[in-house]
Structure formats: C-alpha cells, structure tokens
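# Need a 3D model of the sequence below.
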Amino acid sequence: MDDARGRERVVVHPAIVRLTHWINAAAIVMMVMSGWQIYDASPLLPFTFPGWAVLGGWLGGGIAWHLAAMWLLVGNGLLYVVYGVASRHFAHAFLPLTPRGVWRDLRRALTFQLPHKAGRYNAVQRLLYVVVLLLGIAAVLSGLGLWKPVQLSWIGAPIGGYPTLRWVHFFAMTGIVGFVAIHLLLVALVPRTLPAMITGRARIPATETGA
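Prediction:
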C-alpha cells in the first residue's frame, strides 16, 4: 500500500510508450514547422506562416528538416505500432470504441463531469488517438508521393495526382496540429496526467489494482 488513503503507485505507461510518445512529440514539432516553411514557398491558401513559426530558413532547409523528421517519425511510429499490436496495447487502450460511448463521454466532457482514471482513456480520447494515427498514415503516404512524384506516382494517381496530394498532405498535417492543440488543452485542464507520462507511474485506488 502506498499511503493511508488506500492508493497505490503503479505503472500506468510502460517505458516504450513514454519513449515513443516524446520522440513523436519532437518529430511532429519539427515536421510541422519545416512543413510550414515548405508551404510558405508555394502557399495553397492566401496566407503564409510567420518566420518564428517555421524551421529551415528557406525552401531547401525546410525540405532537409522535413525529410529528417519524417524518417524519425516513421521509424518511431513503426516501433510503436509493432509494440501496440504485439503487446495488445492498442486493444487495451483504444477499445472498445463505439458511437454511443463517444457521445456519452463527449456530453460528460462538455459539462465538466467526465471522470478521469490514470492510464485509462475515455471514449473521446480513444477516438482522437485512432483518428490521429490515421492522419499520420495519410500524412506520410501523401508526403512520400510529393517527395517522389514520378517513382511513387501510384500513391497519388487514384486521387488526381500531385495537386490533390498537396491538399491531402496539408489537411492531414492540419488535423495533426488540431489534435496536438486539443491534447495540450486537456493536459492543461488535467495537469496531473503529465507526471505519469514522464515517470510512468501514478497513484490510483487500491480497489482498481485488485489489491
């Protein structure tokens, strides 16, 4: 027993989950900022990103940073996926996921009545994590198609080629940025979730551990 209040300090985030989480965080920041640098060289919409928000200094520098961060993200992502499937982490963390569960937890969240259990995701969080994984796949595939439009033309051919891939890539990355913004907001609202992602441990009621 950890303390007199009947709480135990247990592992809620394995080391590999924490490691891949923080590597992903760094890789995504580099990819987004360098991606905005590339975007500014040929904007899709009538706006550009300010100098303090971009990485690379110019188009060539942005591309170099973007490619380097891409391989970091892909390698780290593959490690996470292999672990998630082999250890059944995905099944435990993201399932069950149902429309009814999402709607229930969304209503609770909007009325500030959503309970939080350390190491457990509610239905809204599960949906967000599944969506961002799919957005990550879309961003990587569309990015590869933009990087090698001739050699990898099969990626963009079914949806209209290079011009459409640019939009797919832009909206996939925008979705990822939106996820990061929501994620940071949730951490700000429930700051006690942050230490567990650093140390891996959290204090939970002994009744939830089976002790």
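# Apart from its neighbours in sequence, what residue is nearest the residue nearest the centre of the chain?
Averaging the C-alpha coordinates of the chain gives a centre point, and the residue nearest to it by CA atoms, centre = their mean is V132 (5.3 Å). Sequence neighbours aside, F179 is the residue nearest to V132 in space, at 4.4 Å (criterion: CB to CB, 6 or more residues apart in numbering). Every C-beta, even on glycine, is put in place using the N, C-alpha and C of the backbone.
# and the gap between the residue nearest to the centre of the chain and Y83?
Shown here: V132 relative to Y83, a distance of 17 Å by CB to CB, to the nearest Å.
# With G61 instead?
In this view, G61 and Y83 are 33 Å apart by CB to CB.
# before we move on, what about R203?
Computed with CB to CB, the distance linking R203 and Y83 is 25 Å.
# quick one, strands of the protein?
Under the criterion DSSP state E, the chain contains strands at 7-11, 201-205.
# ok, now which ones touch the closest residue to L128 other than its chain neighbours?
Once flanking residues are discounted, L128 sits nearest to F179: 6.0 Å by CB to CB, 6+ apart. Counting by CB atoms under 8 Å, 6 or more residues apart in numbering, F179 makes contact with 128, 131-132, 135.
# Name the residues that touch stretch 131-146?
In this structure, residues lying in contact with stretch 131-146 by CB under 8 Å, 6+ apart are 66, 70, 73-74, 77, 152-153, 155-156, 162, 165-166, 168-169, 172-173, 175-176, 179.
# Of those, keep whichever come out buried.
Applying a neighbour-count criterion of 16 or more other CB atoms under 10 Å, the buried members of the contacts of stretch 131-146 are 66, 70, 73, 77, 155-156, 165-166, 168-169, 172-173, 175-176, 179.
# Cool, thanks, signing off.
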